[in-house]
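**Student:** next come a sequence and a model predicted from it.
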Amino acid sequence: MKRLVVFLSLIAGAALAAPADAPPGNIKPHYVSQRGNEAFLREGPSYQHKVLWVYRHRGYPFLVTASFDVWRRVQTADGTVGWMSATMLSDQRTVLVTGKDRVQVHAKEDGGKVVGLADPGAIASLRTCTADACRIKGEAVDGWIPRSRIWGVTPDETFK
């Protein structure tokens, strides 16, 4: 009987250790955004894991690459990877403007009138995407931006 107890203890111990070492859940990578004004990126999928970064910008986009229970492994535009509680994330799509200079936002997908300028690091809601451009909406601007200047959509993703 002692052997059975020891064996069960080993199984129970392995089960308790599973969250940190568990293989990520099978999910299709997809983009989400930060729900509140503050979100904690942790090194593992539990509140006991160390906080790596604190994000303080509602709407910041993340790429979800795996899940474990209520935790999501996310990646940021700069390649940082960590775990966030799903309660800190929203399915609302946003994008991050990239590059070193301001980029023009146009009234039409193929150009036209300039309706605004977007600074690198700006966050905007994502409305629709074609092969070359995406329609975004920010605080004072609603228009089209080249896909090459945003992070938050997959290369082949198009939708209306």
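**Tutor:** That came through fine. All values derive from a computational prediction rather than experimental measurement. Numbers count the residues shown, from 1 in each chain.
**Student:** list the contacts of the residue nearest the centre of the chain.
**Tutor:** What sits nearest the mean C-alpha location of the chain, by C-alpha atoms, centre = their mean, is residue 62, with 1.1 Å. Shown in contact with residue 62 (C-beta atoms under 8 Å, 6 or more residues apart in numbering): 31, 32, 33, 34, 72, 74, 75, 76, 84, 89. From N, CA and C alone the C-beta is placed, and that goes for glycine too.
**Student:** which among those residues gets closest to residue 132?
**Tutor:** Comparing the contacts of residue 62 against residue 132 with C-beta to C-beta places residue 31 closest, at 18.7 Å.
**Student:** can I get the helix or strand where the closest one lies in CSV? Just the C-alpha atoms.
**Tutor:** Secondary structure assignment for residue 31, by DSSP states H and E: strand 30-34. Listed next in CSV are the C-alpha coordinates belonging to strand 30-34 (Å, rounded to 0.1, in the frame of the first residue of the first chain):
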residue,chain,number,x,y,z
HIS,A,30,-5.1,35.7,-33.0
TYR,A,31,-5.0,39.3,-32.0
VAL,A,32,-6.6,40.8,-29.0
SER,A,33,-6.2,44.1,-27.1
GLN,A,34,-5.7,45.3,-23.6
